[in-house]
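1. generate a structure from the sequence data that follows.
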Amino acid sequence: MKLFVSASDSQEIFDLLTQEGVTYQQRLSGSVRELGTGSYEIYEIQANLPEVKVPPEFVSSEGDVRAFRLPSGRLILTDLEGNLERVAMPASPR
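-> Okay, the predicted model is just below:
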């Protein structure tokens with residue numbers, strides 16, 4: 001899995017991966033400058049997580065997403081370019 005996160009989201013993801021026992025590599029990928037709001041850093045995170053089929057409840061009409069399963073069963077959802085969308089727990093199968 002290759003994931004891109006903003007500096008504000010990076011610590012949460014680092015803590016999550018550490019808590020799950022997932023080894024990862026991180027590097028500063030660059031910074032983004034936005035007119036009127038300043039700039040922020042983007043981190044690239046690489047981890048050996050399996051990509052899984054996106055559960056129906058996370059399929060978005062706004063665009064395609066990718067899902068990567070953590071050992072606990074939680075999913076890291078990204079857009080097709082690897083930008084973090086959210087971390088979620090899929091519904092239990094009935």
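2. helices of the chain, start to end?
-> With helices called from DSSP state H, the chain shows them at 7-19.
3. any idea which helix or strand in it has the lowest mean pLDDT?
-> strand 24-34 (a mean of 84; mean pLDDT, DSSP states H and E).
4. can you tell me the centre-most residue of this structure?
-> Leu84 (3.7 Å; Cα atoms, centre = their mean).
5. now Ile76, which residues is it bridged with?
-> Counting by DSSP bridges, Ile76 forms beta bridges with Phe68, Val87.
6. ok, it - contacts?
-> If you count contacts by Cβ atoms under 8 Å, 6 or more residues apart in numbering, Ile76 has them with Met1, Leu3, Ile13, Leu49, Ala67, Phe68, Leu70, Leu84, Val87. Backbone N, C-alpha and C define where each C-beta goes, glycine included.
7. pLDDT score assigned to the last one?
-> Looking at Val87, its pLDDT is 93.
8. looking at it, it is touching Gln19, isn't it?
-> No - contact between Val87 and Gln19 fails when scored by Cβ atoms under 8 Å: they sit 11.4 Å apart.
9. related to what we said a few turns ago, how big is the angle separating the least confident helix or strand of the chain from helix 7-19?
-> Strand 24-34 and helix 7-19 are oriented at 170 degrees to each other (axes from the mean of the first three to the mean of the last three Cα atoms, to 10 degrees).
10. just checking, what packs against strand 24-34?
-> Packing partners of strand 24-34 (3 or more Cβ pairs under 8 Å, 6 or more residues apart in numbering; DSSP states H and E): helix 7-19, strand 38-47.
11. in TSV: the ones you listed, plus mean pLDDT.
-> Output for those, formatted as TSV (pLDDT from 0 to 100):
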stretch	mean pLDDT
helix 7-19	92
strand 38-47	88
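12. so can I have CSV of these showing mean neighbour count?
-> Formatted as CSV, the helices and strands packed on strand 24-34 follow (neighbours: other Cβ atoms under 10 Å):
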stretch, mean neighbour count
helix 7-19, 14
strand 38-47, 15
